[in-house]
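>>> Compute the structure for the input listed below.
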Amino acid sequence: MIFRPTVSHAWRGIFILACLTIAPDARAGGFGIRAQSAEGFGAAIAGVAAGNALSFSYWNPAVLANVDRFQVEGVSNVIFPAISLDPAASNTVDIGKGALVPAMYMAMPLNSRMTLGMSITSPYGLATQAPTNWAGQIYGRKSEIFSINANPMLSYRVNDVLSVGVGLQVQYFKTKLTQAVDVVPFAPDAMLKADGVGVGFNLGMQLKPWAGGTIGLGYRSAISHDLDGHLTTPLGRASAAAGLTTPALVSLGVRQELNERYRVMGTVEWTNWSRLGTVPVYDRVSGGVLTTLPLRYRDGWLFSVGGEYDFSQKVTARAGVGYEIAPMNDMTRDVRLPEPNQVILSAGLSYRYSERTTLDLAITQSLGLGNGAVTIASGDPRYLGLPFSATSDLNVTIVSAGLKMKFDSLPFGIR
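Numbers count the residues shown, from 1 in each chain. So this is what the prediction gives:
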């Protein structure tokens, strides 16, 4: 017997996917993107909350206290995901989709203690796309996420030991998701488009308690979005609304100079993905609850260590290794998010063209550990009438480039 999803089934499936979103290459666990700093990526983001680079202010706004003149930094990341799903009774499909993810930063000292900064980043996003006809098409075909986070920040250097920072986050979040409404070949899509804007904050501190040593702690708050949009199916178009809260993030970093040329770094990063538990979905017109979404995430963790070595006054090399605990397990892994735990290997290089200009390059390899099981069966809240099981394989390469520029005078004649 062929199962034919109703509009109610389509609501449930589409909105589950909306909240899961679409980045199974999982550079930052779940649907997060860890693509904010080429220098940081070169050492698996080890020690970023305790570092000096302008782009490290994403993890800790107190980093801005190290800026001594007007600076800008641009980062570009090209992501090459190799993500496959191997259904139990069908052919393997590749759902990975490459992407270009940029980031921009600016900082300007206001006086000897205070520095104003600004970042524009994309903390969540990317895309996956399965073939039109495949074994899991009623659970997902195409997914897209787009986010922009504008983050003005202010740091204050209390003394030579302690600096603090604070910022305001304004984040736009948009999703477009499709899945088949039937299991037959070339079945039409159900499609959701929804977006919303949310506001949050970030805080941080840096300590330099001993010679050559720095400890940094940064916090990015959760951001709640009221997503409004439409669900389109072969039966028509309906208004849709759901609340999605992106998780809080805490980053602890340490850095230690061993001598004039060599430094070691470490990071522990916690992401509060477990707050994405059960999400109610509403009809925007009637206000009634259409369904609840039991995402059942767990918190994500990253542990990384790295080192830097100055070959000369112009060239610095770095490398790092990390271990990431994914926010989903065998009970919650999805066809759009088949993420296992991962090992992260990174290497990078900085070239100081002049006192004012530095180029950063990095390459990162994210390797999934084992075959992540995807199982959807009767009794699972995601179940749409067709049992589905598969294993997944993940291997993601990220190439990053960054350009840092310092200026002796401020723009627009500011003094």
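
>>> Extract the residue ranges of the stretch 151-300 of the chain that are flagged as low pLDDT.
Along the stretch 151-300 of the chain, the parts satisfying pLDDT under 70 run over 279, 281, 289-294.

>>> show me where it has strands.
Secondary structure of the stretch 151-300 of the chain by DSSP state E, counting those that start in this stretch: the strands cover 162-180, 189-210, 213-220, 223-233, 236-246, 249-257, 262-271, 278-282, 289-294, 300-310.

>>> residues of the second one that come out buried?
Using 16 or more other Cβ atoms under 10 Å as the burial criterion, the residues of strand 189-210 that qualify are 189-196, 198, 200-208. Just so you know, the C-beta spots here come from the backbone N, C-alpha and C atoms, and that holds for glycine as well.

>>> Check the first one too.
If you call a residue buried by 16+ other Cβ under 10 Å, then strand 162-180 has these buried ones: 163-165, 167, 169, 171, 173-180.

>>> possible to save these as TSV with distance to residue 297?
Compiled in TSV, these are given as follows (distance: Cβ to Cβ, whole Å):
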residue	distance to residue 297
163	33
164	31
165	29
167	26
169	21
171	19
173	17
174	21
175	17
176	22
177	18
178	23
179	20
180	25
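
>>> and the gap between the nearest residue to residue 226 once chain neighbours are set aside and residue 170?
Nearest residue to residue 226, sequence neighbours excluded (Cβ to Cβ, 6 or more residues apart in numbering): residue 196, at 5.1 Å. Residue 196 sits 12 Å away from residue 170, going by Cβ to Cβ, to the nearest Å.

>>> need the helices for the protein, in chain order.
For the chain, applying DSSP state H gives helices covering 7-20, 38-41.

>>> Let me have the strands of the stretch 151-300 of the chain in JSON lines, extended by distance to residue 151.
Below are these laid out as JSON lines (distance: least, Cβ to Cβ, whole Å):
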{"stretch": "strand 162-180", "distance to residue 151": "5"}
{"stretch": "strand 189-210", "distance to residue 151": "7"}
{"stretch": "strand 213-220", "distance to residue 151": "9"}
{"stretch": "strand 223-233", "distance to residue 151": "11"}
{"stretch": "strand 236-246", "distance to residue 151": "13"}
{"stretch": "strand 249-257", "distance to residue 151": "13"}
{"stretch": "strand 262-271", "distance to residue 151": "17"}
{"stretch": "strand 278-282", "distance to residue 151": "25"}
{"stretch": "strand 289-294", "distance to residue 151": "28"}
{"stretch": "strand 300-310", "distance to residue 151": "20"}
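
>>> The helices of the chain: lowest mean pLDDT?
Set side by side, the helices of the chain give their lowest mean pLDDT on helix 7-20, at a mean of 35.

>>> Wait, residue 373 touches residue 391, no?
Yes - counting by Cβ atoms under 8 Å, residue 373 touches residue 391, with 5.9 Å between them.

>>> Which one's more surrounded, those two?
Per other Cβ atoms under 10 Å, whichever of residue 373 and residue 391 has more neighbours is residue 391, with 19 against 15.
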